[in-house]
Every structure is written in structure tokens, then in C-alpha cells.
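In: fold the following for me, if possible:
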Amino acid sequence: MLEKPPQPPGHPSDWASILTWAWVIGLSLLGGFVSFYQKLKAGHVRAWNFTEFVGELATSALVGIITFKLCQWQGFSSDLAPALVGITSHMGSRALFKAEAKFSAWADAKFPPTPASKEPPHEN
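Out: Below is the predicted model of the structure:
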């Protein structure tokens with residue numbers, strides 16, 4: 001089977017990929033900014049808490065990228081992916097906790113834990 005030759009740098013598909021990742025990261029950062037702003041208005045963070053602001057942005061960017069890759073993997077439409085990226089990046093760490101709970105439930109159903117042995121642990 002013949003493979004397609006590599007495309008030269010600057011090919012239009014390169015720009016499409018760059019623009020796709022730019023909107024994913026930009027939308028994710030916007031979700032993190034809005035989340036931080038809501039926490040600020042609610043009095044949960046201080047206005048000049050730079051580390052919490054950067055942490056919120058980093059978490060939102062990570063969640064947005066993961067959501068986008070999951071959307072690609074599942075074959076979601078290009079209209080649905082930005083909405084899901086925006087929603088989950090705004091949720092930030094809450095989205096990670098929800099995903100962890102779903103994955104844990106799936107793993108427990110797929111691989112049930114073995115019953116613990118009745119023997120007491122050996123002590124030295």
C-alpha cells in the first residue's frame with residue numbers, strides 16, 4: 001500500500017491544524033477566566049491572587065484540550081465540540097472530578113474488585 005508523501009511546511013492543512021488548536025486553547029482559557037471571575041464575584045478568591053488565576057487557566061486549558069480530543073475520538077460534530085470545550089473548561093476541576101467518577105464507575109463495573117482476604121496482615 002502506498003503512503004501519501006509528506007506535505008511541505010506551510011501547507012494549508014498545517015494552518016487549519018494551527019487555527020483549530022488556537023480556538024481550542026483560546027476557548028479553554030476564556031472558560032477559565034470566566035470561572036475565576038465568578039469565584040471573585042462570589043468572594044471565594046482575592047482579586048490579586050495570581051497563582052490561583054494561573055492555576056484556574058491551566059486547569060481549564062487542560063480540561064478543554066482533553067474534551068476536544070475526546071470529541072474527536074468519539075466523532076462528534078464540529079458544531080458540538082466547541083460547546084463542550086467551553087462548558088467543560090468553565091467547569092475546570094469540577095469537570096475532572098466528574099470524569100474521574102465516571103471512569104471509576106466504569107472501571108469498577110468492568111473490573112470488579114476482588115474480595116479482601118480474611119487473614120489479618122502479618123506484622124514484623
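In: what's around residue 70, how many residues?
Out: Neighbours of residue 70 under the rule other Cβ atoms under 10 Å: 15. For the C-beta atoms, the positions are set from N, CA and C on the backbone; glycine is no exception.
In: mind listing what residue 67 touches?
Out: Contacts for residue 67 were tallied using Cβ atoms under 8 Å, 6 or more residues apart in numbering; they are 81, 84, 85, 88, 89, 95.
In: now residue 29
Out: Applying Cβ under 8 Å, 6+ apart, the residues near residue 29 are 57, 60, 61, 64, 89.
In: with residue 40 instead?
Out: Counting by Cβ under 8 Å, 6+ apart, residue 40 touches 46, 47.
In: so which strand or helix has it?
Out: helix 12-42 (DSSP states H and E).
In: cool, residue 61 as well?
Out: Assigned by DSSP H and E, residue 61 falls in helix 50-74.
In: quick one: mean pLDDT over stretch 23-33.
Out: When pLDDT is averaged along stretch 23-33, the result is 92.
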